[in-house]
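Visitor: Provided below are the primary sequence and the corresponding predicted coordinates.
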Number of protein chains: 4
Amino acid sequence: MSTERRGGRTRSPEAHQAVLTAAAELLEEHGYQTLTIEKIAARSGVAKSTIYRWWRSRPELVMEAYTQTVDRRMPEPDTGSVQSDLAVFVTELYRVVKHPLRVRTLRGLMAEAQLDEDFREPFRAWVNSRRAIVAHLLERGVERGELDPGLDIGHATDLIFGPFWYRLLVEHEPLDPADAAAHVTRLIKGLRRTQGSEVK
Amino acid sequence: MSTERRGGRTRSPEAHQAVLTAAAELLEEHGYQTLTIEKIAARSGVAKSTIYRWWRSRPELVMEAYTQTVDRRMPEPDTGSVQSDLAVFVTELYRVVKHPLRVRTLRGLMAEAQLDEDFREPFRAWVNSRRAIVAHLLERGVERGELDPGLDIGHATDLIFGPFWYRLLVEHEPLDPADAAAHVTRLIKGLRRTQGSEVK
Amino acid sequence: MSTERRGGRTRSPEAHQAVLTAAAELLEEHGYQTLTIEKIAARSGVAKSTIYRWWRSRPELVMEAYTQTVDRRMPEPDTGSVQSDLAVFVTELYRVVKHPLRVRTLRGLMAEAQLDEDFREPFRAWVNSRRAIVAHLLERGVERGELDPGLDIGHATDLIFGPFWYRLLVEHEPLDPADAAAHVTRLIKGLRRTQGSEVK
Amino acid sequence: MSTERRGGRTRSPEAHQAVLTAAAELLEEHGYQTLTIEKIAARSGVAKSTIYRWWRSRPELVMEAYTQTVDRRMPEPDTGSVQSDLAVFVTELYRVVKHPLRVRTLRGLMAEAQLDEDFREPFRAWVNSRRAIVAHLLERGVERGELDPGLDIGHATDLIFGPFWYRLLVEHEPLDPADAAAHVTRLIKGLRRTQGSEVK
DNA sequence: ACATAACCGAGACGGTACGTCAGGTCTTGAC
DNA sequence: GTCAAGACCTGACGTACCGTCTCGGTTATGT
């Protein structure tokens, strides 16, 4: 290996897992804002210094806990049409509201990405990994001729995720999986290939 | 009058303004996350206790500073067509990126709204005051027959603000005022009245 | 007179009394250490500024409340013998312990005299007014030939008040009016064994 | 050992000492009333939180500083007679007035014992440790037949310390080590005129 | 009679220190 | 070399009172 290990105790998987589990539990019980490294250490029985050895900050730890314990992979549907592909995806996306723990976590991570300069990049990478799925669905729609060939994939993807995050963060109106299909329908109308389309 | 004043020294406008100015300066210089009440007190020469007398928390103070000192009123255009009305509005909306101070503040406030339970409602109220402008433009478009009469105004408004906030917060792609018109054009295609439209 | 009064509203006796009463009540209810000018103002309905106009500090206010409302004049007995004069005086002195309010106040005032430079002199004056009574009893005893003509009145007075304050302040042993006569007897007789000594 | 140490950084003796030294210096320079934990922290370079970890309150810290840095052990003389034993002790006791720092500290601690409920007991324990020395001298005097076998040791001890504290706290008359022997003599002999009394 | 001026309540203000909390680092001794 | 334990410095929190200072309004003279 490149990282030469010259003897010594190996990293404890128990400690690693205990930290993630404790973080998930505390998120569940008390939400994100009251989550502290000290409480995670106390709950997990893992020393604070050990936590700092393996994670650079609270949000990075939480993101690992989220992607490992809390979250389910986003679906990558292939139903034959963009519209139904997106309907499946968005329905699943909106379903997060059924799980308060996930909602809290997503909101907390987004908040941290604003406050913690070092976390912006990791968070953006995670966001982009989810954007890539939608972008791929859209590209396939373009190839199939379902969508405008001049489509701005970036903006189109934002039209999926933007309103989702906006409602999640502001809660001015509820986010309902039952609305997902309608939202997609309305969107598609604007993205669809038209006779004289020459957008951008 | 309803607000009965029965004696007592009057609130110092100098102190009030000094606090808001100091907050704006510190935001400009060092960003949101390092902004503390103590620094605002030190910079403004106003006592910490006086600040706590008038503002319940950092974000409420910052929001007042933003709406008073930093921000310009959003435009309420009336050009004759929804599309150009929205184009004007969104262009102005996107122009915020030309002012790093405003970007920082908006991102900070959104973050606080996630972390500070008491701030959610004031923040939501402010967000809704801006949503109302767009909602009004859209309603006028519906009345004029430019837009689908069954339009879900709430979702349509989210299609304006959602992608805006999403890019502002994640910065996965730049927010460019020059793209505003194209974004609006693409959106309108989906919202426009169609012969057999019966969405929702 | 020297203090020329050229018109103007006269001092409100109601406010004056309300302050002293409120101070006494708060002392009774919560003790000395939690007594603040702000609470006295709130309780009495008298403005803080009015209190500061008439009293320089908390202890001076409390001392006035004590000597006016709380305390009884010390007796100045004249029974015919020093021993019984002192016995009467000391019994009354020790009786203060039957009144927790007075105990708290005395202890509080003594504490303030240590911490507040400006209060030392007023406090000392009050202490001396009580010392003068005992000194007078002792001087009469000397004149009558009951006591040593070379008696150091100052030290003798301290032998009366010193142990009293010491027990009041430290509470290492109880202060009991029933012990007063014995203490006086022991003082007068002395500690040394004499032919007919049978103290206690 | 009884005190099990299972890992953990050990308490820093430097920090411990620096706090006590800083407290003593500040007492020396500015007295007790202006002594604050914050100033001790600033002067010593030890964090406020570290100070609060080891001392529950300002007076407990000061008492440790006093007994460690400032004060000298009280003497426990054994000259062969109570009178001279006491004379030695009281002379040393009164000598405290030669050291303003000690006077301030004693007065401050006594004040705190009145204001801080939690400090009363520790303070009383310290007072009692000094009383025990005098009580022992007196008991030896009783055993030797020098003193009245029915002597109330408690009150007799108060006759030593009471006047001392009283003068220290009120300063109505000076406390002079040169007077110590005379005070003891008077105590022992008593106030009553006896055939051969020639006090002072 | 009425102006003057001291009084009074209310309460805002600049301060100081409090005691707490969490962050992130470092040290010790066990494994 | 990693781990649990926990001491350490740092910095900000939000609170409590302090003593001072406007305010607007009241009440006694004294001319």
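Guide: Yep, that arrived.
Visitor: Now do the same contact list for the closest residue to chain C within chain A.
Guide: When scored by C-beta to the nearest C-beta, chain A has residue A:34 as its residue closest to chain C, at 31.4 Å. Placement of C-beta: from N, CA and C, glycine included. Shown in contact with residue A:34 (C-beta atoms under 8 Å, 6 or more residues apart in numbering or on different chains): residue A:26.
Visitor: Which strand or helix spans it?
Guide: Under DSSP states H and E, no helix or strand contains residue A:34.
Visitor: What distance do you get for it to residue D:150?
Guide: 67 Å (C-beta to C-beta, to the nearest Å).
Visitor: Check residue A:24 too.
Guide: 76 Å.
Visitor: When the two are compared, which one has more neighbours?
Guide: The neighbour count for residue A:24 versus residue D:150, taken as other C-beta atoms under 10 Å in any protein chain shown, is higher for residue A:24 (19 against 12).
Visitor: The more buried one belongs to a helix?
Guide: Yes: judged by DSSP: H, G, I helix; E, B strand; the rest coil, residue A:24 forms part of a helix.
Visitor: what about residue A:41, how many neighbours?
Guide: A count of nearby residues for residue A:41, using other C-beta under 10 Å, gives 19.
Visitor: mind listing what it touches?
Guide: By C-beta under 8 Å, 6+ apart, the neighbours of residue A:41 are A:47, A:48, A:51.
Visitor: can you give me the offset of the longest helix along chain A from its chain's centre?
Guide: The single longest helix within chain A, with elements called by DSSP state H, is helix A:117-143. Averaging C-alpha positions (C-alpha atoms, centre = their mean, to the nearest Å) puts helix A:117-143 10 Å from its chain's average.
Visitor: What is that helix packed up against?
Guide: helix A:58-65, helix A:82-94, helix A:100-115, helix A:153-170, helix B:153-170 (3 or more C-beta pairs under 8 Å, 6 or more residues apart in numbering or on different chains; DSSP states H and E).
Visitor: which one of the ones you listed lies closest to chain D?
Guide: Closest among these, using C-beta to the nearest C-beta: helix A:58-65, at 20.7 Å.
Visitor: and that closest one with chain B, contact?
Guide: No: on the criterion C-beta under 8 Å from any C-beta of the partner chain, helix A:58-65 is out of touch with chain B, staying 11.3 Å away.
Visitor: Surely residue A:91 and residue A:183 touch.
Guide: No: at 9.6 Å, residue A:91 does not count as touching residue A:183 under the criterion of C-beta atoms under 8 Å.
Visitor: Those two - which one has more neighbours?
Guide: residue A:183 (24 against 19).
Visitor: List of residues touching the helix or strand that one falls within?
Guide: Assigned by DSSP H and E, residue A:183 belongs to helix A:180-191. Residues outside helix A:180-191 that contact it (C-beta under 8 Å, 6+ apart) are A:82-83, A:86-87, A:90-91, A:93-94, A:138, A:141, A:147-148, A:151, A:156, A:159-160, A:163, B:152, B:155-156, B:159, B:186-192, B:194, B:199-200.
Visitor: Give me the buried subset of the residues you listed.
Guide: A:82-83, A:86-87, A:90-91, A:93-94, A:138, A:141, A:147-148, A:151, A:156, A:159-160, A:163, B:152, B:155-156, B:159, B:186-192, B:199 (16 or more other C-beta atoms under 10 Å in any protein chain shown).
Visitor: list the contacts for residue A:85?
Guide: Going by C-beta under 8 Å, 6+ apart, residue A:85 touches A:77, A:78, A:79, A:137, A:140, A:141.
Visitor: Show the average pLDDT along stretch A:66-77.
Guide: The average pLDDT within stretch A:66-77 is 83.
Visitor: Who are the contact partners of the residue of chain A found nearest chain D?
Guide: Nearest residue of chain A to chain D: residue A:47, at 9.0 Å (C-beta to the nearest C-beta). Listed by C-beta under 8 Å, 6+ apart, the contact partners of residue A:47 are residue A:41.
Visitor: quick one, phi/psi of it?
Guide: phi -70, psi 150 (degrees, to the nearest 10).
Visitor: how close does it sit to DNA strand F?
Guide: According to C-beta to the nearest atom of the strand, to the nearest Å, residue A:47 and DNA strand F sit 3 Å apart.
Visitor: Now do the same for that residue: its pLDDT.
Guide: Confidence score, pLDDT, at residue A:47: 95.
Visitor: so the stretch of helix or strand residue A:27 belongs to versus helix A:58-65, what angle?
Guide: Counting by DSSP H and E, the element that carries residue A:27 is helix A:13-30. Counting by axes from the mean of the first three to the mean of the last three C-alpha atoms, to 10 degrees, helix A:13-30 lies at 100 degrees to helix A:58-65.
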